[in-house]
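K.L.:
here you go, sequence then predicted model.
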Amino acid sequence: MKIIKVKNQLEGAKVGLDILKSQIAAGAKTFGLATGSTPVEFYNQIINSDIDFSDKTSINLDEYVGLDGSDEQSYRYFMSQHLFNEKPFKENFLPDGKAADLEAETKHYDAIIDAHPIDFQILGIGHNGHIGFNEPGTPFDITTHVVDLTESTIKANARYFECEADVPKKAVSMGIASIMKSKTIVLMAWGEGKSEAIKAMVEGEITESMPASILQKHDDVIVIVDEAAAKLLK
């Protein structure tokens, strides 16, 4: 696990862009993408770059259950607004949160990941150590699954909705085993609020109560953190 400390999110996003460019130069074709506030500046850097994704594939980590791509709070809508509209890919995959049979959708998404091995995966990290929507207690060997979101995650996401009651209570998420199959993983974290999760992920024991800790076992993980998020690291 390589740790890159930067001054702020903008500097971190630029570092992430340089890593992305090197991965593309090395032949990367399939990109695992994340939503939320963490990667927004990274996506801005991509939009302002000369990278052409017209022959590339994206696979997103997750989607809320009950929201379709036209809903402004859906992750498909988020990706369209923050990246896809400006940088079209050959194909974009996200879980179908409106699928009539969610268990069948999880198997379908596993098949998509198997058919398009992820070369470069972007991650954020939750305050409780979740990656994707893999909450504490999620088995490390799980693939795509339907998640009951924790109260802390619902509260963290409530800022994007008119009120907390509107936040979906379930999501379809790429599993930890699915994430670990990615060739290269880049995890970004900004702000003091992420410092305890970063310390536990990097220096703590590997435990399902801290989902991100499994990344210690991956062969190629790069962690980009600003000074505040890195403040507790030895």
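P.N.:
Thanks, I have it.
K.L.:
roughly how far does residue 127 sit from residue 153?
P.N.:
9 Å (CB to CB, to the nearest Å). Backbone N, C-alpha and C define where each C-beta goes, glycine included.
K.L.:
for residue 176, same thing?
P.N.:
For residue 176, the distance to residue 153 - CB to CB - is 16 Å.
K.L.:
tell me which of the two has more neighbours.
P.N.:
Taking other CB atoms under 10 Å, residue 176 and residue 153 do not tie; residue 176 has more neighbours (23 against 20).
K.L.:
surely the more buried one and residue 139 touch.
P.N.:
Yes. Contact criterion CB atoms under 8 Å: residue 176 and residue 139 qualify, at 7.4 Å.
K.L.:
could you find the closest non-adjacent residue to residue 209?
P.N.:
Nearest residue to residue 209, sequence neighbours excluded (CB to CB, 6 or more residues apart in numbering): residue 136, at 4.9 Å.
K.L.:
which ones are touching that neighbour?
P.N.:
Contacts were defined as CB atoms under 8 Å, 6 or more residues apart in numbering; by that measure residue 136 touches 128-130, 150, 208-211.
K.L.:
just the buried ones out of the residues you listed, please.
P.N.:
Among the contacts of residue 136, those scoring as buried are 128-130, 150, 208, 210-211 (criterion: 16 or more other CB atoms under 10 Å).
K.L.:
residue contacts, residue 53?
P.N.:
31, 87-90.
K.L.:
which of those count as buried?
P.N.:
The neighbour count (16+ other CB under 10 Å) marks 31, 87, 89 as buried among the contacts of residue 53.
K.L.:
helix or strand for the first one, which one?
P.N.:
Read it as residue 31. Residue 31 is located in strand 30-33, with elements delineated by DSSP states H and E.
K.L.:
can you give me how far whichever helix or strand comes after that strand is from the chain middle?
P.N.:
For strand 30-33, the following helix or strand on the C-terminal side (DSSP H and E) is helix 40-47. Remark: helix 40-47 is offset 14 Å from the chain centroid, using CA atoms, centre = their mean, to the nearest Å.
K.L.:
ok, stretch 148-161 next?
P.N.:
16 Å.
K.L.:
likewise stretch 171-191?
P.N.:
Relative to the mean C-alpha coordinate of its chain, stretch 171-191 is positioned 5 Å out (CA atoms, centre = their mean).
K.L.:
now do stretch 69-88
P.N.:
For stretch 69-88, the distance to the chain centre is 15 Å (CA atoms, centre = their mean).
K.L.:
go on, stretch 90-97?
P.N.:
So, by CA atoms, centre = their mean, the centroid of stretch 90-97 is 14 Å from its chain's centroid.
K.L.:
what residues does it touch?
P.N.:
53-60, 62-69, 74-76, 79, 84, 105-106, 109, 112, 116, 144, 168, 171-174.
K.L.:
ok, now with 6 Å
P.N.:
By CB atoms under 6 Å, 6 or more residues apart in numbering, the residues outside stretch 90-97 that reach it are 55-60, 63-67, 76, 105, 109, 112, 172.
K.L.:
and the strands in the chain?
P.N.:
Taking DSSP state E as the test, the strands found in the chain are 2-6, 30-33, 57-60, 62-64, 91-93, 120-123, 145-148, 170-173, 184-189, 221-226.
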